[in-house]
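# Provided below are the primary sequence and the corresponding predicted coordinates.
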Amino acid sequence: MQKLKQLFLKYYEQISYLFFGGLATLLNFVLLNIFQALGGLAFAAGVGNVLNNALCILFAYWTNRTFVFKSRAHGRAAWGEFGKFVSCRILTAVVDQLIMFGGVTLLGPSIGFMSAALWANLVKLFSQIVVIVSNYVFSKVLIFAKK
C-alpha cells in the first residue's frame, strides 16, 4: 500500500490531469449529445461544438489551476495565466473544430456502415485524444510552468 501511495504522489500531476481531463472529456461528450438531441447533428458539430468548447475551457481552467497544477498566482499574474490558458485552449478548440468538421461534415456522409451519431462520437473521441495531449503539453510548458 505504501508503494502505491508513493507512486500516486510521484505521478500526482499526470494522474490528476488524466482524471480531470477525463471529466472534461465526459462533459464534452455529454454536451455533444445534448446539442445533437436538441439541434441535430449539423448544429452539434458546428455552433454546438463552439459552445461545448467554451464551457469545457472554463471547467478545465478551474480544475487545472486548482487541482492539477495547484497554481498560486493571484491578481495580474492569475489573469495572465488565464489569458494564456484560454489562448492555448482556443487553438486546440480550433483543431477540434477542424477535426469535427472534416470527420462529420466532409467524411461522415461517405461512412455507410454505422449511424451518423455513432460516427460523430468516434470522431469526437479521436479529436479529444489529440486535444488532451496538446493541452497537457501547453499547460505544463507554457501556462502553469513552475519557475
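Ah, there it is.

# now the strands for the chain?
Using DSSP state E, no strands are assigned anywhere in the chain.

# at which residues are the helices of it located?
Using DSSP state H, the helices of the chain run over 2-10, 12-45, 47-63, 75-100, 116-138.

# and the last one, what does it pack against?
Judged by 3 or more Cβ pairs under 8 Å, 6 or more residues apart in numbering; DSSP states H and E, helix 116-138 is in contact with helix 12-45, helix 75-100. Yep, even glycine has a C-beta here, placed from its N, CA and C like the rest.

# hey, what's the angle from the last one to helix 116-138? Just curious.
Orientation check (axes from the mean of the first three to the mean of the last three Cα atoms, to 10 degrees): helix 75-100 against helix 116-138 gives 140 degrees.

# low pLDDT regions in the protein?
Applying pLDDT under 70 to the chain flags the ranges 147.

# re earlier: which of the helices of the chain sits closest to Gly108?
Nearest to Gly108 among the helices of the chain is helix 116-138 (5.5 Å), distances taken as Cβ to Cβ.
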